[in-house]
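J.: just coords:
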């Protein structure tokens with residue numbers, strides 16, 4: 001390779017997006033250690049975090065920063081003692097303008113000094129509760145190509161809430177109403193607060209004995225460790241300028257509620 005070709009090749013390499021994959025050993029709330037896989041994709045402006053829980057549930061969270069979409073994919077294995085076979089994949093789309101994660105370009109610059117270290121988050125962000133109101137349908141592709149691919153295995157079990165539809169800016173060449181026309185709302189009675197205490201008229205799946213009856217399913221997921229911000233330190237007294245000197249890490253749990261037409265479509269009764 002001549003000198004000009006070599007220089008051209010180096011310039012090409014430097015121009016390529018820098019992606020990163022981290023394998024992090026994390027201690028969960030029960031004291032067990034699980035491994036998280038975090039991938040920053042600079043070219044797509046996305047971050048994906050995934051892990052396998054000890055109960056066999058696989059969790060994969062994608063944040064699309066450009067389109068402000070967060071997609072939480074959960075794969076739930078059937079419980080043999082309950083007569084459940086196979087597994088079920090569900091996915092939840094939520095608005096992510098104030099995403100907890102640091103941006104992909106900042107994430108891609110992270111390096112692990114001690115890969116074997118067991119990590120514990122510095123801050124507990126508590127619970128975030130989401131009550132879905134519709135099946136996403138074609139809206140998933142309209143909102144985010146990356147999220148649509150991420151949720152593809154869930155098929156018709158991709159959920160979102162109408163309140164988020166109004167928060168997503170319309171894409172070029174389409175109107176805001178296009179999102180609403182692309183989703184399939186839950187039946188009007190599904191989340192109606194007909195009870196005196198304001199609770200939904202339909203009961204929770206955990207209390208429904210008839211597997212053919214409709215009910216409200218819920219799933220809980222905790223992400224025990226993720227980079228949620230950048231840390232800045234002050235420079236020497238004579239300089240006084242601050243500089244980036246690390247990351248802040250957080251823990252957050254999610255609780256998702258959604259409607260199912262039959263109780264046996266809800267593999268999570270917790």
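T.: Cool, got the structure. All values reported here derive from a predicted model rather than from experimental measurement. Numbering: from 1, shown residues only.
J.: from here on, just use CA atoms for contacts and neighbour counts.
T.: Fine.
J.: after the helix or strand of the chain with the lowest mean pLDDT, which helix or strand is next?
T.: Here the helix or strand of the chain ranked lowest by mean pLDDT, DSSP states H and E is helix 3-15, holding a mean of 42. Later in the chain than helix 3-15, the nearest helix or strand by DSSP states H and E is strand 20-27.
J.: check which helices and strands that next one sits against.
T.: If contacts are counted by 3 or more CA pairs under 8 Å, 6 or more residues apart in numbering; DSSP states H and E, strand 20-27 sits against strand 33-41, strand 118-119, strand 215-234.
J.: and the angle for that strand with strand 215-234?
T.: Angle, strand 20-27 to strand 215-234, by axes from the mean of the first three to the mean of the last three CA atoms, to 10 degrees: 110 degrees.
J.: now tell me what touches strand 20-27 from outside.
T.: Taking contacts as CA atoms under 8 Å, 6 or more residues apart in numbering, the residues outside strand 20-27 that touch it are 33-41, 107-110, 112, 115-120, 224-225.
J.: part of a helix, is residue 206?
T.: Yes: applying DSSP: H, G, I helix; E, B strand; the rest coil, one finds residue 206 inside a helix.
J.: ok, now how distant is it from residue 255?
T.: 15 Å (CA to CA, to the nearest Å).
J.: now do residue 185
T.: 20 Å.
J.: which one's more surrounded, those two?
T.: When residue 185 and residue 255 are compared for neighbours, residue 185 comes out ahead with 19 against 14, by other CA atoms under 10 Å.
J.: excluding chain neighbours, what is closest to the more buried one?
T.: Counting by CA to CA, 6 or more residues apart in numbering, residue 185 lies nearest to residue 134, which is 4.0 Å off, once chain neighbours are set aside.
J.: tell me where this structure has strands.
T.: Using DSSP state E, the strands of the chain run over residues 20-27, 33-41, 46-52, 58-64, 69-77, 87-95, 118-119, 123-131, 134-135, 158-160, 184-185, 215-234, 242-260.
J.: buried residues in the longest one?
T.: Within strand 215-234, the residues that qualify as buried by neighbour count (16 or more other CA atoms under 10 Å) are 215-219, 221-230.
J.: and the residues you listed, which is closest to residue 65?
T.: residue 228 (13.7 Å; CA to CA).
J.: surely the closest one meets residue 252?
T.: No: in this structure, residue 228 is not within contact of residue 252 by CA atoms under 8 Å, at 10.2 Å.
J.: who are the contact partners of residue 93?
T.: Neighbouring residues of residue 93 by CA under 8 Å, 6+ apart: 69-72, 140, 147, 158-160.
J.: what sits closest to it if chain neighbours are left out?
T.: With CA to CA, 6+ apart as the criterion, residue 93 has its nearest non-adjacent residue at 4.7 Å, and that residue is residue 71.
J.: from residue 229, how far out is residue 105?
T.: Residue 105 sits 13 Å away from residue 229, going by CA to CA.
J.: repeat that for residue 73.
T.: 23 Å.
J.: how far off centre is stretch 217-225?
T.: Using CA atoms, centre = their mean, to the nearest Å, the mean C-alpha position of stretch 217-225 is found 10 Å from that of the whole chain.
J.: show residues contacting that stretch.
T.: 26-29, 59, 119-121, 204-206, 249-260, 263, 266, 268-270.
J.: could you flag which of the residues you listed are buried?
T.: Neighbour counting with 16+ other CA under 10 Å marks 26-28, 59, 119-121, 204-206, 249-252, 256-260, 263, 266, 268 as buried within the contacts of stretch 217-225.
J.: quickly note the distance from the residue nearest to residue 93 to residue 234.
T.: Counting by CA to CA, the gap from residue 71 to residue 234 is 36 Å.
J.: below-threshold pLDDT in the stretch 1-150 of the chain: ranges please.
T.: 1-18, 79-85, 98-99 (pLDDT under 70).
J.: try it again at 50.
T.: Scanning the stretch 1-150 of the chain for pLDDT under 50 picks out the ranges 1, 5-17.
J.: that older thread, which of the contacts of residue 93 are buried, as a PyMOL select command?
T.: Typed into PyMOL, the next command selects the buried ones out of those (criterion: 16+ other CA under 10 Å):
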select buried, resi 69+70+71+72+140+147+158+159+160
